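3D, please:
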Amino acid sequence: MAVYLIVAIHVDRALGRIDAVRWGEVDPDGMHFVEGTAVADVLEVVDALYAGNSVYAHRTMEGRIVPGPRVRHVHFEDGAEGIDLDDADLEAGHHWGVADVF
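Down below sits the predicted model:
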């Protein structure tokens, strides 16, 4: 299983949902991006989560990349799928402010 970090999100203002991300796979031992980052549709993140991969919002602490809040998939009332922060991280006061917006 792979570990991915989301460094930026794009929000569809009409729906109020994340529709794209800038993300990349990281080496969990050294916490550096394996091949840099790329923009992807949010459904690619959903697919990665379904495949059992770990996805986190990006954080930088003391100049080092570290995993921030865990990302989970969500089902919206209209049947669409997307992503949000894990409930436990939301309760701990984390929010999408840890990621840039593009």
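
C-alpha only now, for contacts and for neighbours.
Fine.

point out where the protein drops to low pLDDT.
The chain contains residues with pLDDT under 70 at 87-102.

any idea where the strands of it begin and end?
Using DSSP state E, the strands found in the chain span residues 3-12, 17-27, 32-33, 38-41, 54-61, 64-75, 81-85, 100-101.

of those, which is nearest residue 47?
strand 64-75 (9.1 Å; Cα to Cα).

okay, now the sheet partners of that closest one, with direction.
Paired strands of strand 64-75, with direction, are strand 54-61 (antiparallel), strand 81-85 (antiparallel) (DSSP bridges).

that strand: how far from the chain's middle?
For strand 64-75, the separation from the chain centroid amounts to 5 Å (computed by Cα atoms, centre = their mean, to the nearest Å).

now do stretch 40-54
9 Å.

that stretch: which residues count as buried?
40, 42, 43, 45, 46, 48, 49, 54 (16 or more other Cα atoms under 10 Å).

adding distance to residue 10 as columns, could you present the strands paired with strand 64-75 in TSV?
Shown next, in TSV, are the strands paired with strand 64-75 (distance: least, Cα to Cα, whole Å):
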stretch	distance to residue 10
strand 54-61	13
strand 81-85	12
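
those: which one's closest to residue 32?
Set against residue 32 and scored by Cα to Cα, these come closest in strand 54-61, at 11.3 Å.

quick one: contacts of that closest one?
1-7, 45, 48-49, 65-72, 96, 98-99 (Cα atoms under 8 Å, 6 or more residues apart in numbering).

let me see the contact set for residue 72.
Neighbours of residue 72 in contact, by Cα under 8 Å, 6+ apart: 49, 55, 83, 84, 85, 86.

now, which of the residues you listed sits nearest residue 76?
Using Cα to Cα, these come closest to residue 76 at residue 83, 9.8 Å.
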